[in-house]
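Enquirer: Make a model of this:
(one chain, ligands or ions: 3)
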Amino acid sequence: MASATDRLSAVSPDVAQEIEELTLRLAKRYDGPEDEELLRELPVVASELPAAQRRFLRGFALDDALGYCVVGGHTVDQTRIGPTPRHWRGRPRPGPELAEEILLLLYASLLGEPFAWKTQQDGRLVHDVFPIKGYETEQLGVGSTDLLTLHTEDAFHPWRADFLLLGCLRNPRRVATTVAELDARLLDPAHVRTLFQPRFLIRPDDSHLAEHNAPSDAYREQFAEIAEMKRDDNRVAVLWGDPAAPYLRIDPYFMEVPDGDDEAAAALAAVGGLLERRTEDVVLRPGDVLFINNHRLAHGRRPFTASYDGTDRWLKRVSVTTDFRKSRERRGTATARFI
Ligand SMILES: NC(=[NH2+])NCCC[C@H](N)C(=O)O
Ligand SMILES: O=C(O)CCC(=O)C(=O)O
Ligand SMILES: [Fe+2]
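Expert: Numbers count the residues shown, from 1 in each chain. Ligands and ions are numbered 1, 2, ... in the order given. This is a model prediction of the structure:
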């Protein structure tokens, strides 16, 4: 078992203030989270983050053993960021929370390159996670009243994130993010063998649907591809890598097994059930950054009732890849960040 010190790192109030000064300075200098100059500078400026936290994250990434860790203690100026928005579309850009977005991007740059999808949140680099009216029962980050079921982020996609960062701006009613790591020793070896084989159908989750994005002709091709993948017979393995400590790729809500493959059905139920039984709650506080190893952790969110009065839970989300080349064919230019 990992000890709490492996999982948690906190910056002191003094250091938090220095970091806030840094990110506020950067927020003045750059146009927004997608500013090319900012993105180019990220790893250079990230050297101004405290050595202890950089070392902590280096261990998290290199050791590749834990599913998640948290760096906490950052300052979030509740007055400056303003009320939790009603929607991520139609907001001033940049928003008053640019400093917090930059903090996430700085941390992201220590792990790899931040990237995003043309088919999610109208092609933004930093996503919002807050409840939106009308989406209560959706299996989306912007849902609320239904449990957000355990998933690998963008599990359907071969170029899914290696790391996922969730930065908490506010969470007054202490709604938990759910986390589940896999201990494959607890699975029947026959199930493990099956899970290593490409016998599982997986489909894009609903956040990539055209109906959840503003109509954009520019990305017509990408949405058509998502629609095709929804229909496709895309068969993947759930486990891969080191047989003794396999990586995980799972989103049972959007998965099936081919008709008649009872072995695959039993194995998928077994791993899903194990993850559910081992699920823990992580309640993020403002100023916490949750780092997810997207090959080791399945995550989700407990159900809650939104108030839509500006005080709702508000997180920011950034995807990170350790290998930009694998998506190069689709990114137009070497520095383009949208797949
Ligand atoms: N099991 C699931 N609900 N998977 C989809 C997760 C939500 C998705 N990542 C979003 O941006 O909203
Ligand atoms: O709200 C959370 O804590 C997690 C959200 C999430 O998993 C997502 O947006 O994909
Ligand atoms: Fe997620």
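Enquirer: How about the residues of the protein by ligand 1?
Expert: Neighbours of ligand 1 within the chain, by CB under 6 Å from any ligand atom: 139-141, 148-149, 151, 153, 205, 207, 251, 253. Glycine gets a C-beta too; all of them are placed from N, C-alpha and C.
Enquirer: which residues does residue 247 form a beta bridge with?
Expert: Note on residue 247: beta-bridge partners residue 240, judged by DSSP bridges.
Enquirer: looking at this structure, which helix or strand does the model trust least?
Expert: Across the helices and strands of the chain, mean confidence by mean pLDDT, DSSP states H and E is lowest for helix 4-7: a mean of 86.
Enquirer: That one packs against which elements?
Expert: In terms of contacts (3 or more CB pairs under 8 Å, 6 or more residues apart in numbering; DSSP states H and E), helix 4-7 is packed against strand 68-72.
Enquirer: Geometric centre of the protein: which residue is closest?
Expert: To find the centre residue of the chain, average its C-alpha atoms and take the closest one (CA atoms, centre = their mean): that gives residue 164, at 3.7 Å.
Enquirer: Beta-bridge partners for it, please?
Expert: Note on residue 164: beta-bridge partners by DSSP bridges are residue 292, residue 319.
Enquirer: Looks like it contacts residue 319 (just checking).
Expert: Yes. The criterion here is CB atoms under 8 Å, and residue 164 meets it with residue 319 at 5.8 Å.
Enquirer: which residues do the two both contact?
Expert: Residues touching both residue 164 and residue 319 (CB atoms under 8 Å, 6 or more residues apart in numbering): residue 153.
Enquirer: Next, format the residues of the chain next to ligand 1 as TSV and append pLDDT and neighbour count.
Expert: Below are the residues of the chain next to ligand 1 laid out as TSV (pLDDT from 0 to 100; neighbours: other CB atoms under 10 Å):
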residue	pLDDT	neighbour count
139	98	18
140	98	18
141	98	23
148	98	21
149	98	17
151	98	22
153	98	21
205	94	23
207	93	20
251	98	23
253	98	16
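Enquirer: Specify which member of those residues is nearest to residue 76.
Expert: If you rank these by distance to residue 76 using CB to CB, residue 141 comes first, at 18.8 Å.
Enquirer: Let me see the contact set for the closest one.
Expert: If you count contacts by CB under 8 Å, 6+ apart, then residue 141 has 127, 129, 148, 207, 301, 315, 317 around it.
Enquirer: Considering only these, which also neighbour ligand 2?
Expert: Counting by CB under 6 Å from any ligand atom, the members of the contacts of residue 141 that reach ligand 2 are 129, 148, 301, 315, 317.
Enquirer: Tally up the residues packed near the first one, please.
Expert: Using other CB atoms under 10 Å, residue 129 has 22 neighbouring residues.
Enquirer: What about it? Give its phi and psi, please.
Expert: In terms of degrees, to the nearest 10, the main-chain angles of residue 129 are phi -120, psi 100.
Enquirer: Could you check how many residues crowd around the closest residue to residue 162 other than its chain neighbours?
Expert: Here the nearest residue to residue 162 in space, its sequence neighbours aside, is residue 322; by CB to CB, 6 or more residues apart in numbering that works out to 4.5 Å. Here the count is done by other CB under 10 Å, and residue 322 has 12 residues near it.
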